[in-house]
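Trainee: Got a predicted model here, sequence first, then my questions.
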Amino acid sequence: MKKIEAIIQPFKLEDVKEALKHAGVDGMTITEVRGHGRQKGHKEVYRGQEYNVDLLPKIKVEIVVPDGRLEETVKTLADAARTGKLGDGKIFVTAVEEAIRIRNSDRGEGAL
Amino acid sequence: MKKIEAIIQPFKLEDVKEALKHAGVDGMTITEVRGHGRQKGHKEVYRGQEYNVDLLPKIKVEIVVPDGRLEETVKTLADAARTGKLGDGKIFVTAVEEAIRIRNSDRGEGAL
Amino acid sequence: MKKIEAIIQPFKLEDVKEALKHAGVDGMTITEVRGHGRQKGHKEVYRGQEYNVDLLPKIKVEIVVPDGRLEETVKTLADAARTGKLGDGKIFVTAVEEAIRIRNSDRGEGAL
Amino acid sequence: MRLLVLALAVCLITFLMSAPAMAQAAGAPDSGAEKIAKLESALASAQSAGDNAWMLVSAALVLMMTGPGLALFYGGLVRTKNVLATMMQSFFLMALITVLWAIAGYSLAFSEGTPFLGGAKYLFLRGVGVEPNADYAATIPHQTFMMFQLMFAIITPALITGAFAERIKFSALVLFMCLWVLIVYIPLAHMVWGKGGFLNAYLGGRVACFDFAGGTVVHVSSGVSALVCALYLGKRHGYAHEPMKPHSVVLSVIGACLLWVGWFGFNAGSALAASGLATSAFVNTHFAAAAGALGWSAGEWFRNGKPSVLGAVSGAVAGLVAITPGSGFVKPMPALLIGLLAGLVCFYMVVVIKGKMGYDDSLDAFGVHGAGGTLGALLTGVFATNAINNALKRPDGHAVALGLADGHPGQILNQFWGVLIAWVLAGVGTWIILKVVDLILGVRVSREEEIEGLDLTQHGEEAYNYEG
Amino acid sequence: MRLLVLALAVCLITFLMSAPAMAQAAGAPDSGAEKIAKLESALASAQSAGDNAWMLVSAALVLMMTGPGLALFYGGLVRTKNVLATMMQSFFLMALITVLWAIAGYSLAFSEGTPFLGGAKYLFLRGVGVEPNADYAATIPHQTFMMFQLMFAIITPALITGAFAERIKFSALVLFMCLWVLIVYIPLAHMVWGKGGFLNAYLGGRVACFDFAGGTVVHVSSGVSALVCALYLGKRHGYAHEPMKPHSVVLSVIGACLLWVGWFGFNAGSALAASGLATSAFVNTHFAAAAGALGWSAGEWFRNGKPSVLGAVSGAVAGLVAITPGSGFVKPMPALLIGLLAGLVCFYMVVVIKGKMGYDDSLDAFGVHGAGGTLGALLTGVFATNAINNALKRPDGHAVALGLADGHPGQILNQFWGVLIAWVLAGVGTWIILKVVDLILGVRVSREEEIEGLDLTQHGEEAYNYEG
Amino acid sequence: MRLLVLALAVCLITFLMSAPAMAQAAGAPDSGAEKIAKLESALASAQSAGDNAWMLVSAALVLMMTGPGLALFYGGLVRTKNVLATMMQSFFLMALITVLWAIAGYSLAFSEGTPFLGGAKYLFLRGVGVEPNADYAATIPHQTFMMFQLMFAIITPALITGAFAERIKFSALVLFMCLWVLIVYIPLAHMVWGKGGFLNAYLGGRVACFDFAGGTVVHVSSGVSALVCALYLGKRHGYAHEPMKPHSVVLSVIGACLLWVGWFGFNAGSALAASGLATSAFVNTHFAAAAGALGWSAGEWFRNGKPSVLGAVSGAVAGLVAITPGSGFVKPMPALLIGLLAGLVCFYMVVVIKGKMGYDDSLDAFGVHGAGGTLGALLTGVFATNAINNALKRPDGHAVALGLADGHPGQILNQFWGVLIAWVLAGVGTWIILKVVDLILGVRVSREEEIEGLDLTQHGEEAYNYEG
Ligand SMILES: Nc1ncnc2c1ncn2[C@@H]1O[C@H](COP(=O)(O)OP(=O)(O)O)[C@@H](O)[C@H]1O
Ligand SMILES: Nc1ncnc2c1ncn2[C@@H]1O[C@H](COP(=O)(O)OP(=O)(O)O)[C@@H](O)[C@H]1O
Ligand SMILES: Nc1ncnc2c1ncn2[C@@H]1O[C@H](COP(=O)(O)OP(=O)(O)O)[C@@H](O)[C@H]1O
C-alpha cells in the first residue's frame, strides 16, 4: 500500500474531492496546514508593525491506496488540484506497511 | 522503528490516551483532522443553502515505536478506539528510518 | 528522497524557519499539533473542575529533501529548535518514494 | 333722598374703585388655577418622560442580559459542539415567552385574582395601554411596566438552561419552558409582586416578604429548578472522565460583563422610576458585583494559588444574584458585604459542595442562582432599612421598620417563608413538568446525538466554520 | 359740604379697607404669574431632560446597531477570509456618513426645500443648535434630532453591504456609499420625514404615507438597492459549488441580539420623546421580533425537521424590519401578527424564491430588508390606528382615521405609493451609481483577490491569528 | 347721627360687596402659593428623573466601556495565550477600584480638602446619599454622581494595562493599580474636578484648566503612565523578531465599537444632566470619532496603499480620546477637526515615532491616549467657546471668554499647565510605584512564563478549547 500525501490550495479541495469520488477513491483524511515554498507570501501591517507572511494556508490530503491504484489516484488528484500557478503544491508518496480497520480489525488492503 | 498513524473518533481520544499510558506508551503526537470514508456525513442548512458535510472531525494519533512494540501498541490502540460502528477509523503503519531527540541529539530507538 | 518530520516547540518556529532559509531549505509544510511525552503538562481549573493537560501545543515541520541534504537539514533544524529543556521535541526521518509538483507534474527530486 | 342718592353714589364709586381689584382678584385665581392645572398635567408628563426614559432603557438592558448576555455567558462555557444550541435556548425564549406573556402570562401574573395566581382581566393585554397602572407604577405607561416585567419572565427560564446544557432535546425544552413559566414562574411572580399576592409586602400580601428585583422570583426559582433538572436528566456522557472545558472563556467574560451592565436595568429599573431609589439600587448592584468578584477570586487564590478569570466573572454574577432581592432596601456598605459573602459561598457551593454531591449542573445554575438567591433573600431580612426604602408606611405615616437593621428581626422569618415557598414550588413544579415532558417527548437526546453535539443534531448547524 | 366730606371719607375708608385686598390681589397675580412663568420654563427643561435622556440613549442604541450589531451579524455570515472587510464596511460608514451628514446631508434631508429634496439652510450645521426645532421635535435640542437622524443615515447604507459582501472593492464601496446616501437615501428621507416632503403625512406632504421609523426610507431602500447590487456584481466565485458556510454563527447571534436591543432605540426613539407613544413602539418592536423568530423557526421546523439558530435570529430581524414603519401606529396584537407574517414571508423569500431566482444576495439584505420592509409598509396601511397615534388631527380637532383598521382603506394605496417610489428610486438610483462607480474604479475585485479574501487584499490583515 | 349711620352702612355694604373679592384674593394666593410650592418640588423631582435617567445610563455606559469594551479591544490585540489575562486586567479593576472607591477613593477625590487632595468627609461614603450635592450636580442624587465618577476611576487604570500586556505578573498588577489610583489618579481628579481643586475652573481652582470629561485626568494620566510602564518593564520576549499579530481583530473591532457607544456616556454624561450641553458633548464625541477614523485610515491609505480595519478603529479611539477634554466646550465643526488631527497624529505616533523610539507599548496606550489626550487638552484651549458652555460667569453675569476662539489665547497656557501637571504626576508617580511594586513582588513574569503565556501561568486557564 502507498500513502499519497498531497499539499494543495485550500480552494481546490472541493474539486479534488469530487474528482477523487468520480475516480472511486473514497477514503481520505485532510489536515489544515501552512506551507512555505516558491509561492511568495504577502505583507500584513498591524499598527505599523509589518509582517511578511510566508506560511500560507494549504490543505494536506492523505490517501492510502493499494499499490495498483497509486498512479491513477495521483493523476486524478494532481489534475484536479492544478491551476498552473506557483503554490499549487506537491504530492509525496510513501510506503505503508500495514493498514488496520479499527472497527473490525481487518488488515491489509481490505482495510482501506 | 515504526510509525503508527491512527485516525480515530475524537471522543475516543481520552480512552486511547489512557490505554496507551497503561501499556507504557508515553510519546505521541495528535492532530485534528477531518476524514472521509464509509461513515456517512450529515446535512447542514444555512438560510436554505444545504451542505452535505462529508468531512467529519477525526483525531490523528501518531506514535513512533521500536519495532518490537509495534503489535502490542497497535492492538492496545485499536481496542481502546473501537466502538464497532462505521467511522471508527484506521491505523496505518510505516517505517521510520531515524529518530532524533532534539534536546540532546540522541538518535535511534533511544530517542523515543 | 527523505521526509524529515520534526515536532518542535511553537515559539521556536521563527528560529527554525530562519535557520532553514539560511541553509537553503525553502519548501516546508507545518501543522499545529499537540504532543505528549516526557515534558510534564499543567493543571487547569474551571469552576473547581481540574484538568491535567498533558497534550501540549507543538508545531510539526515537514520537509522533503533529496537524500544528500538529509543530514545537514536535520542538524540545522535540530540546532535551531534546541533549548535543552524537556519538550524540545523529536525529528523522525522516513523514506519518500516519489514527489510530484502539481503545477507542472514534475517528478522526483526536481519536484522539491 | 339726597342722602340715599349720595350713599348709593358713594357705594357705586367705591365699588367701582375696588372693582379692578376684584376683577383682578377674580380673574387671577381663575386663570392661575387653569394654568396650575395645566402645569400639573404638564408636570405629570415631564415626570413620566424622565421615568419612562429610564424604564424603557431598563427593559432594553434586561433583554440584553438574556441576549446576548446570558447566551454568551453560557455559550462560552459549553463545548464547541453545543454552543449554538446553548445560545438558542436563551434566544428562543426571548421569542417564546414574549408571545406567552402577551396572550396570558401578564394577566395571570399581574391582574388581580387570588393570592396565588392573577386573573383574566389582562388576557391579550386588553386594557393594558399607555395610561399608568397606579397600583404598580403611577408615572409610567402601563405597557412599560408590562414590558419590563416580560423581560424578567424571559431571563428566569433562560437561567435554568445552564443545568441541562449539552444534553436536552430542543423540542422538550420548548414544551418544558412553556409549562414552567405558567406553573412555576407566574404564580411566584404573582405572589411576590402581583396585587393581592400572598407575599406582596406592598399590595395586600399576607406575609410581607421583601424581594426588590427577584431574589426569590427569579434566582431561587430558576436555581432550584436547575438543580432538579440536573438531577432528573443525569450527568452528561463522559462527565468527570472526558475534558469538558469551556470552549471559549472569552465569550463567557463578554457575557458576564453584559450581565453586569444589564443588571443595572434589572435592579435599578425595579424602582420603576428614575428616582433616588433607583440610584440606591444601582449603587448596591455595582458594589455587590465588585465584592462578589473579589470574594470568589480570593477563594481561588487561597485554594489554587491563582485566581482564574472564569472565577472572577462567576463571582461577580454571584454578587449580582445575591444583591437582587435587597438592592432597593439596603445601604451601600451592607451591599458590599452581601456581595462578598455571595462570592465566597457560591465559590464553595460550586467548587466544593457540587464536587461532593456529584450532580452535573453543567453551568452551575444552582450553585450560583439557587445558592446566591437564597443567601441574598435571607440577608435582605437582615439589612433592609427604611433609611433607603420608606415606601411602606404605618397608619400614622411613619415608615415601617424593615429588617433586622431597623430592629425588626422577624423579617428574616418572613424572608425565610418567601424562600421556602419558592424552593417548594420550583422543586415540585419542575419535577412534575419534567415527568410530563419526558412522557410526551423525552427530555434527553440519545447518546449518539449527545456525542455528535446538539448543534448538529438539534439545529443542523455548526457554530464555527473557520476553514471555509 | 359735610355730606361731601363724609362721602369722601367713606370712600377713603372703604378704599383703605379694601386696599389690602387689592394690594394682595394686585401683588399675588403678578408674583404668581412670574412664578408660573418660571415654572413653565423649568417645566420645559424638565420635560426636555426626560425626552432628551431617552433620545440620546436612542441615538446611541441606533449606532450600536451598526457597530457592533450589524458588523457582527454580517461578519459572522461570511467566510473567515472576509470577516474584517465585512465588519469594516459597517464601521467605515459610521465615520464616512457622519462627515457627509455634518457637511451637507442633514441640510439636504431636513431643511425646507422642494418636496423631493431639502435646502441649503443647514449646511455645515449652521443654525442647528441646542434650541429645539419645533417642526420636528419640540422638546429636545435640535442637535439631538440631527444626531438621531444621522444614526439612521449610517445604518441604511450599511444594510446594503450584505448584498455585495465577499467581492466588492473597498475603494468602490466608499465612493458608492457617498453617492448612494446623497442620491437615494437623502431624497427619500426628505420625502417621507422632511418638512414639506412629498410623502410626509405630518408636515405638508401631498401623499400621506405613514412610515414611523423607516420601513420605506431604511428597509425598502436598502433592500431593493441590495438586490440591484447583487444582480449587478454577479455571484461570488464558487457560489453554489464551494461551501460558503457562515464562518461563525456565534458572531451572528450576538449581532442579532444587539440589533434587537438597538431596535428599541430605532423604533421607540422615533417617537422623539419618552412618551406613551415611545412605549407603544417599544412594545410593538419587541412583539414583532419575537413573532418573527417563531415564524421563521416554524417554517424551518416544518421544512427541515429542525429549526436552526441562524433561522431564528434571521426571523427576529425580519420581524423587526416589518414592524418598523408601523411601530408607532399599530396595536400590540397586530404587531405580533406583522412579525409572524414577516418571519414566514422572509423565510420563503430567502429559502425558496432566492434559490429559484439564482441571484447571490450573499447575506440576504434583499430577502429580509427588501421583502420585510415592503410587507411592513403595506401592513401599516392595514393596521394603523389613531387609538395608538392621534397626532394627525382634522380641522375640528378630531383624530384622523389612519389605516384600514380605522375604516380608511385608502391608506393602503398611500402606503403603496410610498413603497413604489422607494422601489423605483432605490432601484434606478443604485443601478446608475453602480455603473458610474464601475467606470471610475471598478466595483468588483479580481478573481485572485476574491479567492485570497478581502481581508488580505483590501486591508492587509487577517481576522484571526490564533496560532500566534 | 343719621349721617353717621348712613356712612357706616355704606361702608359696611361696600365692604361686604368687596369682601368676596378680598376673600378670593386672600384665599387664592395662599392656596396658589402652596400649590406652586408643591409644583416646585414636583418639578425638581421631574427634572431629577430626566437627568438621573440619563446619568444612570451614562454610568452604565462608562462601565460597559471597560467591560466588555476595553477588555475586548485589548484582548483582541494580544496573542491567544494572553487574551484572558488581558481581559482579566480590565475586569478585575472593575471590582478592585470599586471597593477602593467606596472606602476612601471618592472621599479623597471629591470631598473638600487641599487644592491637591480631598478630605476624609466621605470615607465609607458617609453622607453620600440620594440628596443632590449641589456643588457638583444639583439635580441628581449625590450617589449617582459618585457612581458616575467611579466608572471613570475604573477605566483610567484599565487603559494603562495596554502598556504592559503580555508580561506583567497579576499580583503585581493588583498592587500597582491600588497604588496608582491612590497616588496618581485621585489627586489629579481632585485637582481638576474636586471642589477647591488646583486646576478646577468652576469650583475655586487657581489655574482654570478646562477638562470636560477627562483629557488630562483620564487620558494623559493613563497614557503617560503607560509609557513609563512600557519603558520600565522592557520589551516582550521576541519583540520585533517573532510575529505578535493581534490574535483576533474581530474582538478588537467589537471592543472599539462598544468604546465608541460607551463614550457617549463618558462625554455627554459629563454634562451631569440630560441638557443641551449633554447633546453638544454627544455630537462632538461622535464627530471626533468619525473624523479620527477617517484620519488614521487616510494615513494608512497613503502610506501602505490600503486602509486597515485595525487602523480605522484605532483612529476612532484616537478621535474619542482627543475630543474628551473639549467635548463640552467646542462646536461641532472644530470637533470634526480635532478628531481628524487626532487620527493623523496618533497614527504618526504609533506607526512612525514608536518604531523609531523602540519602546514596546504593546497596545499603544501611550500612542493613543497619551498623545491624543495631550493634543485634545491643548486644542480645547483653542476651540473652547462660551457659545457652547456658558456656565462660567463674570461677576456682571456675562459669560466668561473661554478659549482662543472666544478671544482668550491665554487659555492655551492654562491648558498647558494642566497637561504638564498631569505628565509630571503620572510620570514620576508611576515610576516610583513600579519601583516599589518591583521590590515587593517583582513586576514581570519569568521568561518561561512569558513564553507559556499569562493565561496559563497567572490564571491556570486557556481562552479557547475549541477541540473539546
Ligand atoms: N520540500 C518540501 N517539503 C515539504 N513541503 C513542501 C516542500 N516544498 C513545497 N512544499 C509544500 O508545497 C507548497 C507549494 O509549494 P510552492 O513551492 O509554493 O509551489 P509549487 O509547488 O507550485 O512550486 C508549499 O506551500 C509547501 O506546503
Ligand atoms: N484510504 C484512506 N486513506 C486515508 N484515510 C482514510 C482512508 N480510509 C479511511 N480513512 C480515514 O478513516 C476514517 C474512518 O473511515 P470510515 O470508512 O468512515 O470508517 P471505517 O474505518 O470504520 O470503515 C475516515 O474518516 C478517514 O479519516
Ligand atoms: N514516540 C513518539 N511518537 C510520536 N511523537 C512523539 C514521541 N515521543 C515524543 N513525541 C513528540 O515529541 C514531543 C516532545 O517530547 P518530550 O518527550 O516531551 O520531550 P523530549 O523530546 O525533549 O524528551 C512530544 O510532545 C510529542 O509531540
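Mentor: Thanks, I have the structure now. Ligands and ions are numbered 1, 2, ... in the order given.

Trainee: going forward, measure contacts and count neighbours with C-alpha atoms only.
Mentor: Fine.

Trainee: Tell me the residues of chain A that contact chain B?
Mentor: For chain A, the residues in contact with chain B (Cα under 8 Å from any Cα of the partner chain) are A:26-32, A:95-105, A:111-112.

Trainee: hmm, 10 Å instead?
Mentor: Counting by Cα under 10 Å from any Cα of the partner chain, the positions of chain A adjacent to chain B are A:1-3, A:17, A:25-32, A:60-64, A:94-108, A:111-112.

Trainee: Of the residues you listed, which belong to strands?
Mentor: Per DSSP state E, strands hold the following members of these: A:2-3, A:28-32, A:60-64, A:94-95, A:98-101.

Trainee: The closest residue to chain F within the stretch 51-200 of chain D in helix, strand or coil?
Mentor: Relative to chain F, the nearest point of the stretch 51-200 of chain D is residue D:54 (4.9 Å; Cα to the nearest Cα). The three-state label given to residue D:54 by DSSP: H, G, I helix; E, B strand; the rest coil is helix.

Trainee: so where is chain A shaky, pLDDT-wise?
Mentor: Chain A contains no residues with pLDDT under 70.

Trainee: of all the residues in it, which ones are close to chain E?
Mentor: Residues of chain A found near chain E, taking Cα under 10 Å from any Cα as the criterion, are A:10-15, A:42-46, A:50-51.

Trainee: Please, a ChimeraX command that selects the buried ones among these?
Mentor: Buried subset of the residues of chain A next to chain E, written as a ChimeraX selection, criterion 16 or more other Cα atoms under 10 Å in any protein chain shown:
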select /A:10,11,12,13,15,44,45,46,51
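
Trainee: so how far is residue F:439 from the residue of the stretch 51-200 of chain D closest to chain F?
Mentor: In this view, residue D:54 and residue F:439 are 49 Å apart by Cα to Cα, to the nearest Å.

Trainee: what's the answer for residue D:46, then?
Mentor: In terms of Cα to Cα, residue D:46 sits 58 Å off from residue F:439.

Trainee: With neighbour numbers in mind, choose between these two.
Mentor: For residue D:46 and residue F:439, the more surrounded residue by other Cα atoms under 10 Å in any protein chain shown is residue D:46, and the numbers stand at 32 against 10.

Trainee: how about stretch D:439-458 as CSV, C-alpha atoms only?
Mentor: What follows is stretch D:439-458, C-alpha atoms only, in CSV (Å, rounded to 0.1, in the frame of the first residue of the first chain):
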residue,chain,number,x,y,z
LEU,D,439,-43.5,11.1,28.8
ILE,D,440,-44.7,13.2,25.9
LEU,D,441,-41.4,13.9,24.1
GLY,D,442,-38.5,12.5,26.1
VAL,D,443,-36.2,15.2,27.6
ARG,D,444,-32.8,13.9,26.8
VAL,D,445,-31.2,13.3,23.4
SER,D,446,-29.7,9.9,22.6
ARG,D,447,-26.2,9.0,23.5
GLU,D,448,-25.1,9.3,19.8
GLU,D,449,-26.7,12.7,19.5
GLU,D,450,-25.0,13.9,22.7
ILE,D,451,-21.7,12.8,21.3
GLU,D,452,-22.3,14.4,18.0
GLY,D,453,-23.4,17.5,19.7
LEU,D,454,-26.7,19.4,19.9
ASP,D,455,-25.7,22.0,17.3
LEU,D,456,-25.8,19.4,14.6
THR,D,457,-28.4,17.1,15.9
GLN,D,458,-31.0,19.6,17.1
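
Trainee: Where does chain A get nearest to chain F, residue-wise?
Mentor: residue A:48 (4.3 Å).

Trainee: Could you look up the SS state of the residue in chain D positioned nearest to ligand 1?
Mentor: Minimum separation of chain D from ligand 1 (Cα to the nearest ligand atom) falls at residue D:467, amounting to 16.4 Å. Secondary structure, three-state DSSP: residue D:467 is coil.

Trainee: How about it, nearest residue that isn't a chain neighbour?
Mentor: Nearest residue to residue D:467, sequence neighbours excluded (Cα to Cα, 6 or more residues apart in numbering or on different chains): residue E:80, at 7.1 Å.

Trainee: so who does the residue in chain D that chain A sits nearest to touch?
Mentor: Nearest to chain A, among the residues of chain D, is residue D:467, at 7.9 Å (Cα to the nearest Cα). By Cα atoms under 10 Å, 6 or more residues apart in numbering or on different chains, the residues touching residue D:467 are A:10, A:32, A:57, A:59, E:79-81, E:245, E:247.

Trainee: would residue A:70 count as being in a strand?
Mentor: No. Using three-state DSSP, the assignment for residue A:70 is helix, not a strand.

Trainee: What residues are bridge-paired with the closest residue in space to it that isn't next to it in sequence?
Mentor: In space, and not counting its chain neighbours, residue A:70 is closest to residue A:2: 6.9 Å by Cα to Cα, 6+ apart. Beta bridges link residue A:2 to residue A:65, residue A:95 when assigned by DSSP bridges.

Trainee: What residues does the closest residue to ligand 3 within the stretch 101-250 of chain D make contact with?
Mentor: Going by Cα to the nearest ligand atom, ligand 3 is nearest to residue D:243 of the stretch 101-250 of chain D, at 18.9 Å. Residue D:243 makes contact with B:11, B:14, C:49-53, D:79, F:465, F:468, according to Cα under 10 Å, 6+ apart.

Trainee: Check those against residue E:361 and report the nearest one.
Mentor: Minimum distance to residue E:361 across the contacts of residue D:243 is 32.3 Å, recorded for residue D:79 (Cα to Cα).

Trainee: what number of residues lie near the nearest residue to that closest one once chain neighbours are set aside?
Mentor: Nearest residue to residue D:79, sequence neighbours excluded (Cα to Cα, 6+ apart): residue D:247, at 4.9 Å. Residues near residue D:247, counting by other Cα under 10 Å, number 24.

Trainee: Verify the contact between residue D:247 and residue D:72 for me.
Mentor: No. Between residue D:247 and residue D:72 there is no contact under Cα atoms under 10 Å: 11.3 Å.

Trainee: Which neighbours do these two have in common?
Mentor: residue D:83.

Trainee: buried set for stretch D:300-309?
Mentor: Going by neighbour count (16+ other Cα under 10 Å), the buried part of stretch D:300-309 is D:300, D:306-309.

Trainee: quick one: which of these is nearest to residue D:379?
Mentor: For the buried residues of stretch D:300-309, the nearest to residue D:379 is residue D:300 (23.8 Å; Cα to Cα).

Trainee: which ones are touching that closest one?
Mentor: Listed by Cα under 10 Å, 6+ apart, the contact set of residue D:300 reads C:45, C:47-48, D:294, D:306-308, D:311-312, D:344, D:347-348, D:351, F:459.

Trainee: Flag whichever of the residues you listed scores worst on pLDDT.
Mentor: Of all those, residue C:48 carries the smallest pLDDT score, 89.

Trainee: what's the closest non-adjacent residue to that residue?
Mentor: Closest to residue C:48 by Cα to Cα, 6+ apart is residue D:351, at 4.3 Å.

Trainee: Report the contact partners of residue D:86.
Mentor: By Cα under 10 Å, 6+ apart, the contact set of residue D:86 is D:70-79, D:158, D:161-162, D:164-168, D:170, D:454-455, E:309.

Trainee: returning to what we had before: how many other residues sit next to the residue nearest to residue D:467?
Mentor: 25.

Trainee: My read is that it contacts residue E:461, right?
Mentor: No. Residue E:80 lies out of contact with residue E:461 (Cα under 10 Å); the separation is 11.6 Å.

Trainee: what residues are shared contacts of the two?
Mentor: Joint contacts of residue E:80 and residue E:461 (Cα under 10 Å, 6+ apart) are E:454-455.

Trainee: State the helix or strand in which residue D:314 lies.
Mentor: helix D:309-323 (DSSP states H and E).

Trainee: so what pLDDT did the residue in chain D positioned nearest to chain B get?
Mentor: Chain B sits closest to residue D:460 of chain D, with a gap of 4.9 Å, by Cα to the nearest Cα. Note for residue D:460: predicted pLDDT of 97.
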